[in-house]
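>>> Please work out how this folds:
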Amino acid sequence: MEYLVTMTTHVPDGTPDGTVADIRNREGARSRELAAEGHLLRLWRPPLQPGEWRTFGLLASADRDQLEDVLASMPLRLWRTDEVTELSPHPNDPKTDTTASAAGVEFLVTFTLMVPKGTAVETVKDTKAREGRRASELASEGHLGRLWVLPGEGRALSLWKAGDEAEMQSILESLPLNAWMMEEVILLSVHPSDPALVHRRSR
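Here you go, the predicted structure:
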């Protein structure tokens, strides 16, 4: 199973800088271990307010109990709260590595599909089929990396790469289902402990 975990850290007031630095160093080392074990797949930073510590993590584990063991083993858990979202396989998931393809920045996009009432079944079927073909095209171009089903009716999460926000918006508008979807787009920035970044450095 794969999970998206929103990790929010609150360092207690008065904590010595040396203590913070030590725990962050140990967190980086533990992240590398978890990546080697296949549990930590990706790390990103979302847009942050001044002084805010928040990270998005893509993790894999056999079940929620094992995931909790993994999260509890991370040194920053001492000061951190974790919000876990279970991700299910999506039929259009290309399972590609966007970090090794198109240049640009990454985005997480949440889709909520709302088919208008009265839409013919054949129209829905045809549009979804065209969506699948377009997703395959965008994956081959290095833009669509992953796609998952989220809990809740008609919801999905996707990982993209584009040159900038304008290109990302243009890509989304090219999707056949775009007219029937609400989208939440989050621009991601690099996390120093991202396993993909470590992998690129080692090549």
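
>>> Not counting its neighbours along the chain, what's nearest residue 186?
Excluding its sequence neighbours, the residue lying closest to residue 186 (Cβ to Cβ, 6 or more residues apart in numbering) is residue 108, at 4.6 Å. For every residue, glycine as well, the C-beta is placed using N, CA and C.

>>> close enough to count as contact, the one you found and residue 188?
Yes: the pair residue 108 / residue 188 is scored as a contact, 6.2 Å apart, by Cβ atoms under 8 Å.

>>> intersection of neighbour lists for the two?
Common neighbours of residue 108 and residue 188, using Cβ atoms under 8 Å, 6 or more residues apart in numbering, are 44, 46, 56.

>>> would a markdown table of these with distance to residue 6, neighbour count and pLDDT be doable?
Shown next, in a markdown table, are those (distance: Cβ to Cβ, whole Å; neighbours: other Cβ atoms under 10 Å; pLDDT from 0 to 100):
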| residue | distance to residue 6 | neighbour count | pLDDT |
| --- | --- | --- | --- |
| 44 | 11 | 20 | 97 |
| 46 | 8 | 15 | 94 |
| 56 | 6 | 18 | 97 |
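
>>> Now intersect these with the strands, please.
44, 56 (DSSP state E).

>>> element containing the closest residue to residue 195 other than its chain neighbours?
Counting by Cβ to Cβ, 6+ apart, residue 195 lies nearest to residue 35, which is 3.7 Å off, once chain neighbours are set aside. Using DSSP states H and E, residue 35 sits in helix 17-36.
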